[in-house]
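Undergrad: quick one: sequence plus predicted model below, questions after.
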2 protein chains.
Amino acid sequence: MTEEQRARRRDSAATREALLDAATTMFADRGFDRTTVRDIAKEAGVNQALLFRYFGSKESLFEEAIARGGHEQIATTKPEVLLETVLRNLLTSETGGERNHTLRVFLRSTGSNEAGSATRQRLGEEYTRALASLTGAEDADLRADLVLAWLVGISFLRDITEKDPLAGAEADRIVKLVLDASRTLLERIDET
Amino acid sequence: MTEEQRARRRDSAATREALLDAATTMFADRGFDRTTVRDIAKEAGVNQALLFRYFGSKESLFEEAIARGGHEQIATTKPEVLLETVLRNLLTSETGGERNHTLRVFLRSTGSNEAGSATRQRLGEEYTRALASLTGAEDADLRADLVLAWLVGISFLRDITEKDPLAGAEADRIVKLVLDASRTLLERIDET
DNA sequence: CAACGATGTAAGCAGCTGCTTACAACCGTA
DNA sequence: TACGGTTGTAAGCAGCTGCTTACATCGTTG
């Protein structure tokens, strides 16, 4: 930590990224309202005034945090396995590793109506489009939204309300049940 | 409004209920953190100090708001039609009428980790038990949780992020799709 | 009618929030 | 070495938050 701070001295790019990293995990854990700019700065080991120098406002930082990470997953994952990939990602509780916090940040931002709504909307559209490509139904987008809603709900019950037995269930078991039922809505999903 | 205030003077029960009503709708609309005690008191047409006299704290008021409304729906609705009933309730956007805000309050309380967590947990268990009675599978509770998660997710995308096409879709269409897919998880659901 | 508890009100307090400002330390350049 | 922009820091401001306190008013009961 101290070394990092030493190494980071006089390095604006690293400082910016440290703030963005800290913000992403804290927003995912506590949500927008409950995360203070002082918390973020402290976690990043950075003076909080710099947060405003580099991002302008707490909301702008939030938008950037939401945007980062969501896009590349969609871009780099084939639609056929997107559902399972996202599902497994949000079911995996290992804090280490490169877990994707996007969905949790998404969820935790409930209270804040304005904050990042444009970014959130765009991100949602990308997921819908990807999932909609899996069905030939005329209401493909609606069906895709329903699947997306399911992911959101599962993440909510598991991560936020920590509801058992869902919170404690094995990932494989949940994946199987969800994928089976999703085939009623979407056709082209890879068999596990 | 003025008449109500006049009529309510020196009536502690009515004052309490006015606060509870205002709190329920405001928590549902803005969430716990974004709703201030001054807002609630103003909406109820009541001095804010009374809020603390009757409920002790903002959190206690929140818990009571969550608890009220959820129980009777479960108690008065047959499990076979519970899913459709809850679904139609949260899909109906008519603000007038006796809409049940429970699920939305549930959702909007994301940021607040402690607030009402015990109450929320108990309420969730009741829903799970009711839904689990619809299947003979050995992992009935898990399957029920997944259905509950779906409801939560749909409510989230529709009410909070207002995601289209889900937000704009007809209730009947959604009900049909969800019920059909849910039959993969649960057996005994009334045909529409 | 006097007294007393129940109900309502106005004002304020201490703490926290996002954000700003004024300034110090640093570092490449001339 | 002197300068000037970049990066980092400390302090503070104005506004809002949940909550409390001291007091006024009502309505019932003896």
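TA: Good, I have the coordinates. Residues are numbered from 1 along each chain as shown, chains lettered A, B, ... in the order given.
Undergrad: A:Leu157 is in contact with B:Asp145, isn't it?
TA: Yes. Shown here, A:Leu157 and B:Asp145 form a contact pair, counting by Cβ atoms under 8 Å, at 6.4 Å. Using the backbone N, CA and C atoms, a C-beta is placed for each residue, glycine as well.
Undergrad: between these two, what contacts are shared?
TA: With contacts defined as Cβ atoms under 8 Å, 6 or more residues apart in numbering or on different chains, the residues shared by A:Leu157 and B:Asp145 are A:163, A:166.
Undergrad: so which of those two has more stuff around it?
TA: More crowded of A:Leu157 and B:Asp145, by other Cβ atoms under 10 Å in any protein chain shown: B:Asp145, with 28 against 23.
Undergrad: what's downstream of whichever strand or helix holds that one, the next helix or strand?
TA: Using DSSP states H and E, the element containing B:Asp145 is helix B:140-155. Following the chain from helix B:140-155 toward its C-terminal end, the next helix or strand by DSSP H and E is helix B:171-182.
Undergrad: same for that following helix, what does it pack against?
TA: Contacts defined by 3 or more Cβ pairs under 8 Å, 6 or more residues apart in numbering or on different chains; DSSP states H and E place helix B:171-182 against helix A:140-155, helix A:171-182, helix B:79-91, helix B:140-155.
Undergrad: lowest mean pLDDT across these, which one is that?
TA: Looking at the helices and strands packed on helix B:171-182, the lowest mean pLDDT belongs to helix B:79-91 (a mean of 88).
Undergrad: can you tell me which helices and strands that one packs against?
TA: In this structure, helix B:79-91 makes packing contacts with helix B:58-76, helix B:102-108, helix B:117-132, helix B:140-155, helix B:171-182, judged by 3+ Cβ pairs under 8 Å, 6+ apart.
Undergrad: closest one to DNA strand D among the ones you listed?
TA: Go through the helices and strands packed on helix B:79-91 one by one with Cβ to the nearest atom of the strand and the one that ends up closest to DNA strand D is helix B:58-76, at 3.5 Å.
Undergrad: how about that closest one: buried residues?
TA: With burial defined by 16 or more other Cβ atoms under 10 Å in any protein chain shown, the residues of helix B:58-76 counted as buried are B:58, B:61-70, B:73-74.
Undergrad: quick check: mean pLDDT across that helix?
TA: Average pLDDT, helix B:58-76: 85.
Undergrad: please export the C-alpha coordinates of that helix as CSV.
TA: What follows is helix B:58-76 as a C-alpha-only set of coordinates in CSV (Å, rounded to 0.1, in the frame of the first residue of the first chain):
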residue,chain,number,x,y,z
LYS,B,58,-36.3,6.4,10.2
GLU,B,59,-35.2,2.8,10.0
SER,B,60,-38.1,1.6,12.3
LEU,B,61,-40.5,3.4,10.1
PHE,B,62,-39.0,1.7,7.1
GLU,B,63,-39.3,-1.7,8.6
GLU,B,64,-43.0,-1.1,9.4
ALA,B,65,-43.6,0.1,5.9
ILE,B,66,-42.0,-3.0,4.4
ALA,B,67,-43.9,-5.4,6.7
ARG,B,68,-47.3,-3.9,6.1
GLY,B,69,-48.9,-5.0,2.9
GLY,B,70,-46.7,-7.9,2.1
HIS,B,71,-48.2,-10.4,4.6
GLU,B,72,-51.8,-10.1,3.7
GLN,B,73,-51.2,-10.7,0.1
ILE,B,74,-49.5,-14.0,0.8
ALA,B,75,-52.1,-14.9,3.3
THR,B,76,-55.1,-14.1,1.1
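Undergrad: done for today, thanks.
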